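> Model the structure of this input:
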Amino acid sequence: MKTLLVSLDHTAATEHTLAYANKLAVRWPAEIVLLYCHPTPAEPLTEAATAAVLAAEEQRLRSLVERLRYQQLTRQDGRRIRYRYRLHSGCLHDHVRAEAALCGADMLVMGLEHVDCGREEAPGNHAAAIRELVDCPVLLVPPGRRTLPNRLVFAADFSALPLAVLPRASALAEAFPAPLELVQFYAPYERNRRRALKLALGRAAAQLTWPVIGRHLLEDDAPLEGTGDFCARTQAQLLLIAPTSQAELLRYFDACYTATRAYHTCIPVLVLPATAPATAVTCCDKCTERLAQTPRTLASNAELAAGL
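Numbers count the residues shown, from 1 in each chain. From the prediction side, this is the model:
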């Protein structure tokens, strides 16, 4: 069963986050686990008082769910979604790892302008911190009503991205069955690497299961700005990224981009884990050798396909 873990708060954009998750749950299909963490008050509450507060918040969430599922979906689609509720006292970053593991989340959906512990972080800052805590992809939904995407852009350094990450991206093709554009930027001083970068794009495309995949090798000494410009030119409705560090993710939502409403801050961004899954446990040395050879075989086949 596919599962969306949807983190909600008290910002005005919460409705937009849930509405987008609803549409995604119908298309995939998936169940929705709603996660709400209530800020701890300055004056500690008794256990009974805390339970009463969380019960009131759950009722508030249920009212929101019932309103949105029939307001923005057909009655048939609205009835199809299964919801579960998880409420805690404290901060999201204290509970999200355990909750994602408990429900086996295939994706964490949260607002870009999220509030945690009663503090509103700069857009993207809180999301970057949460991304470090979960193993599943994180979908950041900016404020505003929107439909599910029919134009996707995947921007990354495919020459450095582990191939093992790409099958996890392919698992999302059912949810976002639109043409996918792979974009690899290189600086002017890297022109001698064009062939290697082209091969890396070919290997990435061979690992992905989208029915239509475009490949673009573009020269730009500012890849982040280039990504935003490319998304604007193609009118992309979803950007996939696989940053290799928290600092790199934070740069996507730097204050200068959010203040000027750069294109890539105004569309949903799907952040993929840029690390390989845990190494498989093998029963003997022979199995270990076979598993080690498999990625090399796949890579060799992809290079041959790219050269044809």
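> Just give the number of residues close to I130.
Using other CB atoms under 10 Å, I130 has 22 other residues around it. All C-beta atoms are positioned from the backbone trio N, CA, C, and that covers glycine.
> give me the element it is part of.
helix 125-131 (DSSP states H and E).
> Any chance you could list what contacts that helix?
Contact partners of helix 125-131, identified using CB atoms under 8 Å, 6 or more residues apart in numbering, comprise 7, 92-93, 96, 108, 110, 112, 114, 116, 138, 140, 246, 249-250, 253, 271.
> Which parts of the stretch 201-308 of the chain are strands?
213-219, 238-241, 269-271 (DSSP state E, counting those that start in this stretch).
> ugh, typo on my part, it should be the stretch 51-200 of the chain
Secondary structure of the stretch 51-200 of the chain (DSSP E, counting those that start in this stretch): strands at 83-89, 107-111, 115-116, 119-120, 138-141, 152-155, 180-186.
> Mind telling me which of these the model trusts least?
Among the strands of the stretch 51-200 of the chain, strand 119-120 carries the lowest mean pLDDT, a mean of 78.
> contacts for it?
The contact list for strand 119-120, computed with CB under 8 Å, 6+ apart, reads 11, 113-114.
> same check, this time on stretch 71-85
The contact list for stretch 71-85 (CB under 8 Å, 6+ apart) reads 19, 22-23, 25-26, 29, 31-34, 36, 58, 61-62, 65, 69-70, 103.
> L54 touches R86, doesn't it?
No. Contact between L54 and R86 fails when scored by CB atoms under 8 Å: they sit 10.2 Å apart.
> circling back: most neighbours of all the contacts of strand 119-120, which one?
H114 (26 neighbours).
> residues contacting it?
7, 9, 11, 92, 120-121, 126-127, 130.
> quick one: it and N192, what's the gap?
To N192, H114 is 43 Å away according to CB to CB, to the nearest Å.
> cool, D9 as well?
Here the distance between D9 and N192 works out to 48 Å (CB to CB).
> out of those two, which sits in the busier spot?
D9 (21 against 8).
> Now A12: closest residue in space that isn't a chain neighbour?
Excluding its sequence neighbours, the residue lying closest to A12 (CB to CB, 6 or more residues apart in numbering) is P143, at 7.1 Å.
> What pLDDT does the model give the one you found?
P143 is assigned 92 on the pLDDT scale.
> where's it relative to P41, distance?
Distance of P143 to P41, given as CB to CB: 27 Å.
> For these two, indicate the residue with more neighbours.
It is P143, of P143 and P41, that has more neighbours when counted by other CB under 10 Å, with 17 against 12.
> Next, the contact list for that one, please.
By CB under 8 Å, 6+ apart, the neighbours of P143 are 12-13, 16, 111-113.
> which phi and psi does it have?
phi -60, psi 150 (degrees, to the nearest 10).
> how much space between it and E57?
Taking CB to CB as the measure, P143 falls 22 Å from E57.
> can you tell me the helix or strand for L35?
In the assignment (DSSP H and E), L35 maps to strand 31-38.
> per-residue confidence averaged over that strand?
Average pLDDT, strand 31-38: 96.
> Tell me the helices and strands packed up against that strand.
Contacts defined by 3 or more CB pairs under 8 Å, 6 or more residues apart in numbering; DSSP states H and E place strand 31-38 against strand 3-8, helix 14-27, helix 47-71, strand 83-89, helix 92-103.
> Alright, I will stop here.
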